[in-house]
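>>> return a 3D structure for these sequence lines:
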Amino acid sequence: MKFEEKFKNQNYKDPNWISDCLIYSQLGGGNCCKCGQHTNFIEYNYETYVCSEECLKALDDEIDKICNCKMITFYTCESALRANAFEYDVPHLITFYNDALQQIEDNSVKEVDTTQIALLNHAWSKHFRIGARVFIHDEFGCYEIKENCSRTNRELKESHNILKMFQSGEFDILS
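Prediction:
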């Protein structure tokens with residue numbers, strides 16, 4: 001149900017009106033993040049425009065999927081660990097190859113933090129098999145390895161050898 005219809009008997013144009021984590025924008029509105037229709041309603045937890053209950057549910061489902069998926073993070077150097085918010089206290093940092101491989105392959109483990117960049121292709125295949133998210137922390141910051149990775153102009157595919165691409169400098173920031 002559209003929020004304009006759902007709240008038609010309420011004074012949602014009042015600047016102080018808040019209901020169901022929604023606020024009414026007095027700034028002319030914007031496009032719904034899910035369907036693209038114009039709306040004045042903002043879901044304030046996500047800080048985005050949402051026009052209906054259906055679109056809000058779709059957004060909730062998308063966020064749940066992202067939050068509940070496996071995350072595999074590779075740390076490539078000491079400065080990457082130091083730059084991390086945990087200041088060397090990365091929870092469960094795995095430095096041994098076999099331990100990291102076991103954690104990556106175990107679908108019940110939701111977070112893997114490792115220095116074993118040699119396992120990058122294993123993580124990449126997990127991305128396609130179960131939707132795992134793969135991150136690399138290097139001396140320049142953190143980025144996600146995904147089909148449209150911000151560190152390369154290529155559209156990454158399952159068949160790519162991500163480890164060789166990494167080793168050849170494909171994901172390096174050019175100065």
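>>> quick one: residues contacting the most centrally placed residue in the chain.
The residue lying closest to the centre of the chain (CA atoms, centre = their mean) is Ile66, at 6.1 Å. By CB atoms under 8 Å, 6 or more residues apart in numbering, Ile66 lies in contact with Arg133. Where you see a C-beta, it was placed from the backbone N, CA and C, and this is true even at glycine.
>>> for it, what is the enclosing helix or strand?
In the assignment (DSSP states H and E), Ile66 maps to helix 53-67.
>>> now for the helix or strand that comes right after that helix, which elements pack on it?
Next helix or strand after helix 53-67 toward the C-terminus (DSSP H and E): strand 71-75. The contact analysis (3 or more CB pairs under 8 Å, 6 or more residues apart in numbering; DSSP states H and E) places strand 71-75 against strand 111-114, helix 120-130, strand 133-138.
>>> and these as CSV, adding distance to Phe166 and mean neighbour count?
Compiled in CSV, the helices and strands packed on strand 71-75 are given as follows (distance: least, CB to CB, whole Å; neighbours: other CB atoms under 10 Å):
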stretch, distance to Phe166, mean neighbour count
strand 111-114, 14, 21
helix 120-130, 6, 18
strand 133-138, 7, 20
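>>> need those in TSV with distance to Thr48 and mean pLDDT, can you?
Formatted as TSV, the helices and strands packed on strand 71-75 follow (distance: least, CB to CB, whole Å; pLDDT from 0 to 100):
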stretch	distance to Thr48	mean pLDDT
strand 111-114	26	92
helix 120-130	25	94
strand 133-138	20	91
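>>> nearest to Tyr12, out of these?
strand 133-138 (36.5 Å; CB to CB).
>>> so how far is that closest one off the chain centroid?
11 Å (CA atoms, centre = their mean, to the nearest Å).
>>> could you check the angle that strand makes with strand 71-75?
20 degrees (axes from the mean of the first three to the mean of the last three CA atoms, to 10 degrees).
>>> sorry, back to before: which one of the helices and strands packed on strand 71-75 lies nearest to Asn45?
Across the helices and strands packed on strand 71-75, closest to Asn45 is strand 133-138 (CB to CB), at 20.9 Å.
>>> pairing partners for that closest one, with directions?
Applying DSSP bridges, strand 133-138 is found paired with strand 71-75 (parallel), strand 141-145 (antiparallel).
>>> so which of the ones you listed is the most packed in?
strand 71-75 (a mean of 22; mean count of other CB atoms under 10 Å).
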